[in-house]
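In: generate a structure from the sequence data that follows.
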Amino acid sequence: MAKNLMNPLGIDSKNFVVAIDSTNRKLMGWAQIRPIGQKIRDPDVYNAQPGSGSKEKEISDDIWDEFENDNIEFPNGFKSLPWTREYREFSQASARRRERRQMLEEKAMRDNESGQNQAWELASVYVLPEWRNRGIGSELVRRIMARHCMLNRKTNDVYLLTLESTKEWYQRLGFDLTDDTPLSMSLEIAAGGILTNFLGEKLIAMQGGRK
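Out: Residues are numbered from 1 along each chain as shown. Predicted coordinates:
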């Protein structure tokens with residue numbers, strides 16, 4: 001509880017960088033990457049969005065495929081008695097699948113903890129007005145993306161929403177236009193599109209990956 005009171009927004013320091021003036025220690029700007037849900041696609045849906053699938057279903061499908069491709073038949077009749085070779089072979093194969101499922105689930109848990117199965121959003125890049133046009137924003141983005149890679153995460157798992165007028169700035173930093181956005185961003189895209197249209201602007205989605 002004390003931790004939540006100290007950090008009510010739940011910001012993870014690994015996903016947040018700030019720029020501070022070295023002479024007077026004043027804040028110049030900040031940038032944040034935040035997790036926005038799983039990136040897995042539903043394999044049963046054509047052209048499915050990132051986040052439409054789940055790791056649990058992926059594991060179940062993997063185990064089921066192994067079962068269907070297994071040459072060991074389900075023991076019937078006399079062969080289903082515990083002392084028969086067929087029963088022992090089937091039991092051993094079932095045990096191997098249980099062990100494999102457990103291994104896959106443990107790996108998925110480790111990947112979730114490290115952010116491997118996540119999609120991410122570059123959610124805020126802000127430089128105080130008096131510090132703009134000095135390259136601070138670009139350096140903030142470079143540093144937070146470098147930290148993202150140091151955590152063994154992929155740049156093409158990072159998305160952002162911005163105005164079309166800033167497209168070239170983000171392109172210089174390694175982002176490209178995309179219409180293949182995570183399912184979890186759908187509401188944000190819809191609401192942002194209405195607001196930007198009202199303001200006479202255009203909202204665009206971009207994805208990391210070139211650098």
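
In: tell me what the biggest strand by length in the chain is packed against?
Out: Determined from DSSP state E, the single longest strand within the chain is strand 27-38. Strand 27-38 makes packing contacts with strand 16-20, strand 118-127, helix 136-150 when contacts are defined by 3 or more C-beta pairs under 8 Å, 6 or more residues apart in numbering; DSSP states H and E. Backbone N, C-alpha and C define where each C-beta goes, glycine included.

In: pLDDT score for the residue nearest to Ala123 when sequence neighbours are not counted?
Out: Once its chain neighbours are removed from consideration, Ala123 has its nearest residue in Arg34; the separation is 4.7 Å (C-beta to C-beta, 6 or more residues apart in numbering). Arg34 is assigned a predicted lDDT (pLDDT) of 91.

In: show me what contacts Arg34?
Out: Listed by C-beta atoms under 8 Å, 6 or more residues apart in numbering, the contact set of Arg34 reads 15, 120-121, 123.

In: report the beta-bridge partner residues of it.
Out: Partner residues in beta bridges with Arg34, using DSSP bridges, are Glu121.

In: circling back to that earlier point, any chance of the contacts of Arg34 in CSV, plus neighbour count and pLDDT?
Out: Converted to CSV, the contacts of Arg34 look like this (neighbours: other C-beta atoms under 10 Å; pLDDT from 0 to 100):
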residue, neighbour count, pLDDT
Asn15, 20, 84
Trp120, 23, 93
Glu121, 22, 95
Ala123, 17, 88
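
In: check those and tell me the two furthest apart.
Out: With distance counted by C-beta to C-beta, no two of those lie farther apart than Asn15 and Glu121, which are 10.2 Å apart.

In: give me the common contacts of these two.
Out: Counting by C-beta under 8 Å, 6+ apart, the common neighbours of Asn15 and Glu121 are 33-34.

In: in stretch 192-208, what's buried?
Out: 192, 196, 203-208 (16 or more other C-beta atoms under 10 Å).

In: typo on my end, it should be stretch 133-152
Out: Of the residues in stretch 133-152, those buried under the neighbour-count criterion (16+ other C-beta under 10 Å) are 136-137, 139-142, 144-145, 148.

In: and the strands in this protein, which stretches?
Out: Going by DSSP E, the chain shows strands at 16-20, 27-38, 118-127, 158-163, 175-177, 203-208.

In: TSV for the ones you listed, including distance to Asp65?
Out: Written out in TSV, the entries for the strands of the chain read as follows (distance: least, C-beta to C-beta, whole Å):
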stretch	distance to Asp65
strand 16-20	41
strand 27-38	21
strand 118-127	25
strand 158-163	30
strand 175-177	34
strand 203-208	30
